[in-house]
Each structure stands twice: as C-alpha cells, then as structure tokens.
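K.L.:
With the sequence up front, the predicted model follows.
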Amino acid sequence: MPLWRVIVYDVLTAALILGLYAVFKLLIPALQPTTVRPAATPAPVLETAAPQATEAPGPVPAAAETAAPEPTSVPEPTPDPRTPWQIRFAEHFSDEPVLTDHSYKSPEVSIEITTHSVEENGWTSVYHVADIYVASMDNFKTHTVNGELQYWSTADMMELDREANAILAISGDFYSYQQSGFIMRNGQIYSDKAGWADICVLYDDGRMATFTGGQYNVDEILADGAVQVWQFGPTLLDGEGHAMTVFPHAQGTVNQPNPRSAIGYYEPGHYCFVVVDGRQDEYSHGLLLPGLSAVFEQLGCACAYNLDGGGSAVMTFNHERFSRQSNGGDRKLGDILLITEEGFPGAPWEG
Amino acid sequence: MKFFRAILPNLSISLQLALLVLVILDVFNPRVGLLSGLPFVLLFAAAWIAAVATAVVLYADWRKDR
C-alpha cells in the first residue's frame, strides 16, 4: 500500500475517533435533561424599614373641669414601605422612572453607564462601567436560555435580554459549556462539586464574595444563603481591594488581551458591571487581566470577578447593544447577568 | 494476530493524532473541558495501550531479526 494512502487512512481514523469522542463527550450529555435542584436554604424575605412614628397628639384637658383628662388613642405609626437599600441609597433613586441613553433611574433601580479608555502596553482599550444600585435582590437576576439550566444550550444575547426584560445585561460565565464545578442560578443548583476555578458568589442578602479555586466549601456557601454562583474567573481583587497581579487559575487565551465582561461589588445593593471592548485594533484592543484588575481597583470595589470575555463580552442597555461586541454579535451565549424591574417597558421591540 | 500486528502502528498514530487535536483545542477554550471526564480517560488509556503494544511488537520483531 502506498505511503500516502496509509497516511490518509490514519488521518481518517483519527477523525472517526474524534467524532466518537464528540458524541460521548458533548452530544449525549447535551441531549440528556440536566438535573437541577433548588438550594436547601430558602431565601429570607428582605424586611422593610422600621416604622417611623408620625405625629401623635397628646391628651387635651377640659378648660374648667378638674377631672383627670382621658387619654386619647395614639395612632399607629405609618410604616415606611421602602427597603433598607432604598433608604440608604435614596439619592440615587428617583420617584418616577427617568431613562436617558446611558442611565436609568426609578424607585427600584439606578443605573449610570460611563465610557472610558485606558492604555495598556501601548494599546488603547475602551471599557464601559455601569454603576448599579438596586432596591432588592429581585432587581438583580441571571437568565438562561428559556429560563432553564441545560448543558450546551445557547441563545442570542438580544433574545436573552428580551426574555428576561433586562434594563441592563452583560454576558455571564457560559455555564452551559461546563459540566462540573460549583454553578448556581437564581437559587437553582446546576452543579455542586468544588472545582479548580475561582468562583463568585452572590448571597440573598446582597453580599458578594469570591473564592479561590479548590479552597472553598460548597455546603458552607449554600448554608450562607447563596443564590448565584458563577464559575469562570479569575478573581480580580485581593481581600483588601487591591488589584491582583498573578492569576494561577487563568489558562490559555484568558491570559491574552481580550474583550472582557466582569462584575464588581461595593456593598449590598451597590454593584457595577464592566465590559471592555476588544479585538478591534482601530477602536479598542482589549485588556490583559492585570489591566482589568486595575480598573476595578480604581473603581474602589471591595471585590471583583472576571466573567466570560472574548467574543462573548457584551453589554446591553434598554434592549439595545451598548458595547461593541468583537465579532459583531455573532456569539451566542449560555447566560446573562441582568438588572430588571417589574413593568420596565424600555424601547419598543422590533422583534 | 497478524492483522492486529499490522494495524497496531496505524491505530497508535490515529489515537495520538486525536489526542493532539484535543490538546490544541483545549488551549483555545479550556472551559469546555475536553481533557477531562471519562471519555478523555478512555481515549488516553487506549492511546497509551496502543503505543506500548506497538513498541513491544516492534521490539519483538527487532529481536527476531537479530
């Protein structure tokens, strides 16, 4: 048999082996229904503010009589219907919804988006920072394809945005391409095995924390009230809010200049979404991880976490793309992070 | 047995080629986890066994020819 034919048969056999591998590794798991379960700990109801006393009239004695005046009834103080975050961040909310091309304020949500540029290694990168205040965790959600957790499921960003009625949204951690680790969405557990990647946890009381890969306890995190767990990483800030400079769990192309999606946390009720445009050399090159970390340190975040970037990195606002996705928007996504409120109309959807 | 000895080197090459493709793909997208899980372990084991068997057969033939 001639040598060229032997080589062709070997390459074809290798392709056949890869095809069988893809069937067992990717196709069969994708066709099986994904087992999800709710977290054991139910989310507590966010309490409203303590009632503030209104004016209470005192007893009025009769002018000529000496009899002891009868006490009048003291009306019940009117409870303040605002949440603690609405009170704490009152100057950021507004009584009526106000929408501009880069901001939205309402009684429940405050979003302000600013665009910046930064130099790194001689390249310019453009990034968008969405400063977010929410009245409760009902306004900060994640959304997956059809609202389900299913391996290998993806959808267009605008489709996810519309399904969830997002005021603001960014790409997530592409959970649907991951088969293991610790991943959770809106209180539903997708996978609960501790993995090697750094994770970011959002708790039901609004706290956010990041954990180093392989150094966290799943049961403890669940017991502490986790409702969202993202697994991509790496963590961008250390325990004191300083930019990380070494990223041992970042592999492959994550370590190159890239478009980025990332989330930052200041305190319960106050967060930020950051999206870096990239792979568009005339406009924005993309950032390395140290550059992205430095952005969050400058923003003053208490913790920050890198999500899926590259072709996935995108920010939408008022049902329109706000950032410039590197591949023109062709990349479908597994999930998004979003800020929403009931009844948000936004821009009319053309379908 | 003769047929097995004949295809063993080709099988080893094909398995190693498949492994090489997976390693290269994993560099570009490690999140998919191509180099983890039972399918990869089985593929890696098959490639290892084929390589060792090929070496043993080759060594035996070499000894016979001496």
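P.N.:
The structure has been received and is ready for your questions.
K.L.:
Based on its surroundings, how many neighbours for the nearest residue to residue A:207 once chain neighbours are set aside?
P.N.:
Nearest-residue entry for residue A:207: residue A:268, 5.6 Å, with adjacent residues in sequence omitted and distances by Cβ to Cβ, 6 or more residues apart in numbering or on different chains. C-betas here are computed from N, CA, C, even on glycine. When neighbours are defined as other Cβ atoms under 10 Å in any protein chain shown, residue A:268 has 18 of them.
K.L.:
Chain B contacts on the stretch 101-250 of chain A?
P.N.:
Neighbours of chain B within the stretch 101-250 of chain A, by Cβ under 8 Å from any Cβ of the partner chain: A:174, A:177, A:178, A:179, A:180, A:232.
K.L.:
isn't the last one right next to residue A:306, touching?
P.N.:
Right, the one you point to is residue A:232. Yes: here residue A:232 reaches residue A:306: they are 6.5 Å apart, a contact under Cβ atoms under 8 Å.
K.L.:
can you pull the contacts of the residue nearest to residue A:207?
P.N.:
Contacts for residue A:268 were tallied using Cβ atoms under 8 Å, 6 or more residues apart in numbering or on different chains; they are A:85, A:205, A:206, A:207.
K.L.:
Filter those residues down to the buried ones.
P.N.:
Of the members of the contacts of residue A:268, the ones counted as buried by neighbours, 16 or more other Cβ atoms under 10 Å in any protein chain shown, are A:85, A:206, A:207.
K.L.:
Strands - which of those land there?
P.N.:
When DSSP state E is applied, these are split such that none fall in strands.
K.L.:
Which single one of these is nearest to chain B?
P.N.:
Nearest to chain B among the buried ones among the contacts of residue A:268 is residue A:207, at 26.3 Å by Cβ to the nearest Cβ.
K.L.:
Quick check: which element contains residue A:114?
P.N.:
Of the helices and strands defined by DSSP states H and E, residue A:114 is found in strand A:109-120.
K.L.:
All the strands of chain B, in order from the start?
P.N.:
Read by DSSP E, chain B holds no strands at all.
K.L.:
Around chain A, which positions in it sit nearby?
P.N.:
B:10-11, B:13-15, B:17-18, B:21-22, B:26-34, B:36-37, B:39-40, B:43.
K.L.:
filter those residues to the buried ones?
P.N.:
Among those, those buried by neighbour count (16+ other Cβ under 10 Å) are B:10-11, B:13-15, B:17-18, B:21-22, B:26, B:29-34, B:39-40, B:43.
K.L.:
List the ones among these that fall in helices.
P.N.:
Applying DSSP state H to these, the entries found in helices are B:10-11, B:13-15, B:17-18, B:21-22, B:26, B:39-40, B:43.
K.L.:
Just flag the most distant two among the residues you listed.
P.N.:
Spatial extent of those (Cβ to Cβ) is set by the pair B:10 and B:26 at 24.9 Å.
K.L.:
so what pLDDT did residue A:245 get?
P.N.:
What the model reports as pLDDT for residue A:245 is 88.
K.L.:
Could you check how far the closest residue to it other than its chain neighbours is from residue A:300?
P.N.:
In space, not counting the residues next to it along the chain, residue A:245 is nearest to residue A:290; the distance is 5.5 Å by Cβ to Cβ, 6+ apart. From residue A:290 over to residue A:300 the distance is 18 Å, taken as Cβ to Cβ, to the nearest Å.
K.L.:
These two: which is more packed in?
P.N.:
Under the neighbour definition other Cβ under 10 Å, residue A:290 and residue A:300 were set side by side, and residue A:290 has more, 15 against 10.
K.L.:
need the contact list for that one.
P.N.:
Contacts of residue A:290 by Cβ under 8 Å, 6+ apart are A:243, A:244, A:245.
K.L.:
most surrounded residue in those?
P.N.:
Ranking those using other Cβ under 10 Å puts residue A:244 first, with 22 neighbours.
K.L.:
Who are the contact partners of that one?
P.N.:
A:234, A:235, A:236, A:237, A:238, A:289, A:290, A:293.
K.L.:
pLDDT below threshold where in chain B?
P.N.:
Filtered on pLDDT under 70, chain B yields the residue ranges B:31.
K.L.:
Mind telling me which residue is nearest the centre of it?
P.N.:
residue B:47 (2.3 Å; Cα atoms, centre = their mean).
K.L.:
Apart from its chain neighbours, what residue comes closest to it?
P.N.:
In this structure, residue B:47 finds its nearest non-sequential neighbour in residue B:15, 3.8 Å apart by Cβ to Cβ, 6+ apart.
K.L.:
And residue A:234, its phi and psi?
P.N.:
When read as degrees, to the nearest 10, the backbone of residue A:234 gives phi -90, psi 170.
K.L.:
and what of the one 10 residues further on?
P.N.:
Note on residue A:244: its backbone torsions stand at phi -70, psi 150 [degrees, to the nearest 10].
K.L.:
In terms of pLDDT, where does residue A:46 sit?
P.N.:
Residue A:46 is assigned 41 on the pLDDT scale.
K.L.:
Sticking with the residue nearest to residue A:245, tell me its helix or strand.
P.N.:
Since the elements are taken from DSSP H and E, residue A:290 ends up inside helix A:289-299.
K.L.:
Next secondary structure after that helix?
P.N.:
Following helix A:289-299 in sequence order, the next helix or strand is strand A:303-306 (DSSP H and E).
K.L.:
Name the next helix or strand downstream of that following strand, please.
P.N.:
Heading towards the C-terminus - elements assigned by DSSP H and E - strand A:303-306 is followed by strand A:315-317.
K.L.:
Could you list the residues in contact with that following strand?
P.N.:
Residues beyond strand A:315-317 that count as contacts (Cβ under 8 Å, 6+ apart) turn out to be A:102, A:104, A:111, A:113, A:128, A:130, A:157-158, A:161, A:166-170, A:261, A:273, A:275, A:321-323.
K.L.:
switch to 6 Å and redo it
P.N.:
Around strand A:315-317, the neighbours that count as contacts under Cβ atoms under 6 Å, 6 or more residues apart in numbering or on different chains are A:128, A:161, A:168, A:169, A:170, A:275, A:322, A:323.
K.L.:
Count the neighbours of the fourth one for me.
P.N.:
What that stands for is residue A:169. Residue A:169 is surrounded by 29 other residues when neighbours are defined as other Cβ under 10 Å.
K.L.:
Flag every buried residue along stretch A:158-173.
P.N.:
Neighbour counts over stretch A:158-173 (16+ other Cβ under 10 Å) mark A:158, A:160-173 as buried.
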